[in-house]
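A.B. asks: Next one to model:
(one chain, ligands or ions: 1)
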Amino acid sequence: MITNLRGRDLICDLDFTKEEVETVLDVAWDLKRKRALGEPHPLLRDKVLGMLFFFSSTRTRCSFEAGMAQLGGHGAFIDSRTTQVSHGDTAREIGEILGRYFDGIAIRQCDWNYGNKYLNWVAEASRSPVLNMQCDKYHPHQCLADLMTIQEKKGKNLRGKKIVVSWAYASSYLKPMSVPQSLILQMPRFGMDVTLSYPEEFLLMPDIMEMAEEQARKYGAKFEVVHDMEAGFADADVVYAKSWGPMMTTTDPVAGKALQDKYKSWITDARKMALAKPDAIYMHPLPADRDIEVTSEVMDGPQSVVFDQAENRLHAQKGVLALTMW
Ligand code: CP
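C.D. replies: Reported below is the predicted structural model:
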């Protein structure tokens with residue numbers, strides 16, 4: 001077990017080695033069990049996590065805040081719009097100053113071609129660890145919860161299990177591509193065969209694709225790309241289908257919406273789920289566009305694990321907090 005995670009940042013999924021991720025999940029399962037038993041676990045008493053949001057959140061905010069309280073510390077919510085961050089506090093100032101107030105700084109900044117840079121600028125200036133609550137490139141804490149959920153449902157040995165990471169249609173807004181990018185980086189390290197499925201215009205970042213191929217090669221997993229939702233679903237053990245924007249093709253919201261609207265048939269429904277293995281699970285990080293991105297029948301059906309997945313945000317993040325912030 002690799003245990004020297006104190007003070008470490010988690011910005012990219014690959015910042016922690018596979019062995020370090022295993023340590024995080026080991027601690028997460030222990031803390032999940034303790035919470036189930038009502039056993040106090042104040043590992044971070046008197047510690048404070050600053051949680052800086054540039055975008056709205058339900059699960060991420062609530063699970064980090066609850067997690068810090070359960071660990072005996074405090075999560076301080078900071079809204080960029082109601083602080084001087086919106087009037088000119090620079091990333092360096094935020095790193096220098098909040099790094100002195102807080103024992104950890106967690107940030108959600110998803111602006112295209114900026115969010116990840118911002119997190120790294122803060123981290124360079126901060127004496128406390130910086131944790132990524134989602135940027136334009138990665139959503140590593142979501143991915144840790146996803147991995148934990150898959151292992152709970154499919155067993156710890158995931159070698160040869162197929163996950164399809166599929167684009168799905170949504171009408172609400174052009175969502176970040178951080179979730180699929182994190183998934184294709186992390187899952188091959190645990191032996192999963194990854195099929196990435198998307199309409200041609202919805203490609204992911206080329207450097208992330210190269211990194212994912214490298215991880216698959218290194219860990220002896222398959223990695224393939226298809227442009228057909230049904231082909232992607234075929235024989236999958238895990239169906240993870242969500243929308244993301246076509247930012248690699250256009251960053252214009254009107255043109256992006258027009259591209260998105262070409263693919264309204266990319267909805268996860270019972271007919272497509274039947275192409276996967278009979279015991280396949282359906283996953284989504286939420287929020288989803290109901291009956292647009294996925295039918296309510298699937299979302300609320302027996303194959304859906306979305307609520308267990310959302311719960312595991314709490315436990316997986318507590319694992320990271322407990323290991324990095326003491
Ligand atoms: N999955 C996720 O990050 O949810 P929120 O946007 O509600 O935090």
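
A.B. asks: CA only for contacts and neighbour counts going forward, please
C.D. replies: Will do.

A.B. asks: which residues does residue 26 contact?
C.D. replies: Residues in contact with residue 26 (Cα atoms under 8 Å, 6 or more residues apart in numbering) are residue 319.

A.B. asks: If you could redo that for residue 74, that was the one I meant.
C.D. replies: Contacts of residue 74 (Cα under 8 Å, 6+ apart): 46-49, 65, 68.

A.B. asks: so how far is the ligand from it?
C.D. replies: 18 Å (Cα to the nearest ligand atom, to the nearest Å).

A.B. asks: Next: residue 14.
C.D. replies: From residue 14 to the ligand the distance is 19 Å (Cα to the nearest ligand atom).

A.B. asks: since we're on that residue, how many residues are nearby?
C.D. replies: 17 (other Cα atoms under 10 Å).

A.B. asks: so it, which of the three states?
C.D. replies: helix (DSSP: H, G, I helix; E, B strand; the rest coil).

A.B. asks: That one and residue 185 touch, don't they?
C.D. replies: Yes - between residue 14 and residue 185 a contact is recorded at 7.4 Å, counting by Cα atoms under 8 Å.

A.B. asks: Find residues that contact each of the two.
C.D. replies: Counting by Cα under 8 Å, 6+ apart, nothing touches both residue 14 and residue 185.

A.B. asks: can you pull out the helices in this protein?
C.D. replies: 18-37, 59-70, 91-101, 115-125, 140-154, 178-186, 206-218, 229-233, 253-261, 270-273, 296-299, 306-324 (DSSP state H).

A.B. asks: Now those in TSV, please, with extra columns for distance to residue 170 and mean pLDDT.
C.D. replies: Putting those into TSV (distance: least, Cα to Cα, whole Å; pLDDT from 0 to 100) gives the following:
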stretch	distance to residue 170	mean pLDDT
helix 18-37	31	98
helix 59-70	19	98
helix 91-101	32	98
helix 115-125	22	98
helix 140-154	20	99
helix 178-186	15	98
helix 206-218	23	98
helix 229-233	14	98
helix 253-261	8	95
helix 270-273	17	98
helix 296-299	14	98
helix 306-324	17	98
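
A.B. asks: So which of these is nearest residue 85?
C.D. replies: helix 91-101 (8.2 Å; Cα to Cα).

A.B. asks: show me what contacts the residue nearest the centre of the chain?
C.D. replies: When Cα atoms, centre = their mean is applied to the chain, the residue found nearest the centroid is residue 142 (2.8 Å). With contacts defined as Cα under 8 Å, 6+ apart, the neighbours of residue 142 are 179, 285, 313.

A.B. asks: from those residues, which is closest to the ligand?
C.D. replies: residue 285 (4.2 Å; Cα to the nearest ligand atom).

A.B. asks: Now do the contacts for that closest one.
C.D. replies: 142, 306, 309-310.

A.B. asks: Now flag whichever of the contacts of residue 74 is closest to the ligand.
C.D. replies: Once Cα to the nearest ligand atom is applied, the member of the contacts of residue 74 that ends up nearest the ligand is residue 65, at 11.6 Å.

A.B. asks: Identify the bridge partners of the nearest residue to the closest one once chain neighbours are set aside.
C.D. replies: Excluding the flanking residues, the one nearest residue 65 by Cα to Cα, 6 or more residues apart in numbering is residue 75, at 4.8 Å. Beta bridges link residue 75 to residue 49 when assigned by DSSP bridges.

A.B. asks: Settle this for me: residue 75 is touching residue 61, isn't it.
C.D. replies: No - applying Cα under 8 Å, one finds residue 75 not in contact with residue 61, separated by 9.1 Å.

A.B. asks: quick one on the thing from earlier: greatest separation within the contacts of residue 285: which pair is it?
C.D. replies: Top of the distance list for the contacts of residue 285 (Cα to Cα): 142 and 306, 12.0 Å.

A.B. asks: neighbour-wise, which of residue 75 and residue 61 wins?
C.D. replies: Remark: of residue 75 and residue 61, residue 75 carries more neighbours, 23 against 19, as counted by other Cα under 10 Å.

A.B. asks: Tell me which residues touch the nearest residue to residue 78 once chain neighbours are set aside, please.
C.D. replies: Excluding its sequence neighbours, the residue lying closest to residue 78 (Cα to Cα, 6+ apart) is residue 52, at 4.7 Å. Residues in contact with residue 52, defined by Cα under 8 Å, 6+ apart, are 77-80, 105-108.

A.B. asks: Tell me the pLDDT of residue 52.
C.D. replies: At residue 52, the model reports a pLDDT of 98.

A.B. asks: Would you mind listing what in this structure touches the ligand?
C.D. replies: Listed as neighbours of the ligand in the chain under the rule Cα under 6 Å from any ligand atom: 57-61, 285-286.

A.B. asks: Of the contacts of residue 52, keep whichever come out buried.
C.D. replies: Buried by 16 or more other Cα atoms under 10 Å: 77-80, 105-108, out of these.

A.B. asks: will you turn those into JSON lines that also has distance to residue 151?
C.D. replies: Shown next, in JSON lines, are those (distance: Cα to Cα, whole Å):
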{"residue": "77", "distance to residue 151": "31"}
{"residue": "78", "distance to residue 151": "33"}
{"residue": "79", "distance to residue 151": "34"}
{"residue": "80", "distance to residue 151": "36"}
{"residue": "105", "distance to residue 151": "29"}
{"residue": "106", "distance to residue 151": "26"}
{"residue": "107", "distance to residue 151": "27"}
{"residue": "108", "distance to residue 151": "26"}
